[in-house]
Each structure stands twice: as structure tokens, then as C-alpha cells.
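*Asks:* Using only what follows, build the 3D model:
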Amino acid sequence: MTLNIPNLLTWLRILLIPVFVTAFYLSDSTLSPHLKNLIATGVFLLASATDWLDGYLARRLNQSSAFGAFLDPVADKLMVAAALILLVKLGRADAIIAFIIIGREITISALREWMAKVGESRSIAVSMLGKIKTTFQMLSIALLLYNERLLGMDCQVVGSLLLYMAALLTLWSMGYYLMMAMQRLKEK
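*Replies:* Okay, the predicted model is just below:
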């Protein structure tokens, strides 16, 4: 395991998961609902920023590693899954949407592992569609975690709309990755 700045940022993202989940499990007398929303949103946004930053630094500092390539998507999926499960528990997101997003992540992870075993890992590299899906997903989760009015905007309404759009993009990107994988395997 290589300990470098990008990998440390990925580990930080994993360590932030219990911090952000714990905020909602503290009593209202310990932490007001407003502070719970604010802390969870801030921690989630920090984790989201480290997701971008660790990839950027790995490329910029030439510190890419096999371990980092493995751990980074695991950290992302853990953070998103924890947030979605928490949002469902809080009644801020529909369980079916969380299932679609989490199910897609598991499916694509398994597909990538299988494709790597048959020597075709490059054929299912992250696409622009996947990046757009991730952007919608992260914005929607942050807004749903905050769950209060922000600059006159109802974060629950906007966050829910963005989450539904993220779910549609999730299904679309999953279909895209599955088609790419099948096409590459047929060519072999």
C-alpha cells in the first residue's frame, strides 16, 4: 500500500463517513437539527471535494497507484451509499431511488472487476456520462442533507428533483457501460 497524498485523501473520505452519519444520531438536545444538517452537508461536501482532489493530485504529482485506483471508487461508493441510506431513513429520499443508485454502483463495480479479469478493463473506463451522473448525485445529496431553505431555494424540492435526474442518468450510464462491455467481449 502506497501512502501518498492522494491515498491519504481517499482514506480521509472513508474516515469522514462515520462523522457525517453520527451527526444525525446525536440527540436534538446535543445538536440542533439545523446543526446536524449543516455538519452533515459540510462533511459530505468536504468528502466530495477530496474525491476530485485526490484524482487531480494523483495525476499532477504522478502518484497514481494500483491501490489508489482500487480504493478511490470504493470510498466514493461507501460515502454515497451511507448518505442515501441516511436520507431514506430521514424520509428525505425514496428507497427505490437509493436502490437504483446503489444497485448500479455494485453492478458496475462487478462489471469492471470481471472486465479486468478478461483483460478489457479499459473498455469500461469512466465516461463523461458517468461524471455528469456523479455531479447530479453529489449536488442532490448535499441539498437533501441540508434540507433547509438556501437563498430562497427549497433544498428538499430541488434536491429531490436532482436525485431523480441522477437516478435516470444512473440507469443510462449503466446501460452504456454494459453495452460497451458486451461489444468488447463480442469482438474478442
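
*Asks:* ok, how many other residues are close to Met182?
*Replies:* Using other C-beta atoms under 10 Å, Met182 is surrounded by 12 other residues. Where you see a C-beta, it was placed from the backbone N, CA and C, and this is true even at glycine.

*Asks:* for the strand or helix carrying Ala167, the distance to its chain's centre please.
*Replies:* Using DSSP states H and E, Ala167 falls within helix 155-187. Offset of helix 155-187 from its chain centre (C-alpha atoms, centre = their mean, to the nearest Å): 13 Å.

*Asks:* repeat for stretch 35-48
*Replies:* Here stretch 35-48 is found 14 Å from its chain centre; the criterion is C-alpha atoms, centre = their mean.

*Asks:* and it, average pLDDT?
*Replies:* For stretch 35-48, mean pLDDT is 95.

*Asks:* do stretch 84-101 as well
*Replies:* pLDDT averaged over stretch 84-101 gives 97.

*Asks:* got the buried residues for it?
*Replies:* The neighbour-count check on stretch 84-101 (16 or more other C-beta atoms under 10 Å) flags 84, 86-88, 92-94, 97-98, 100-101 as buried.
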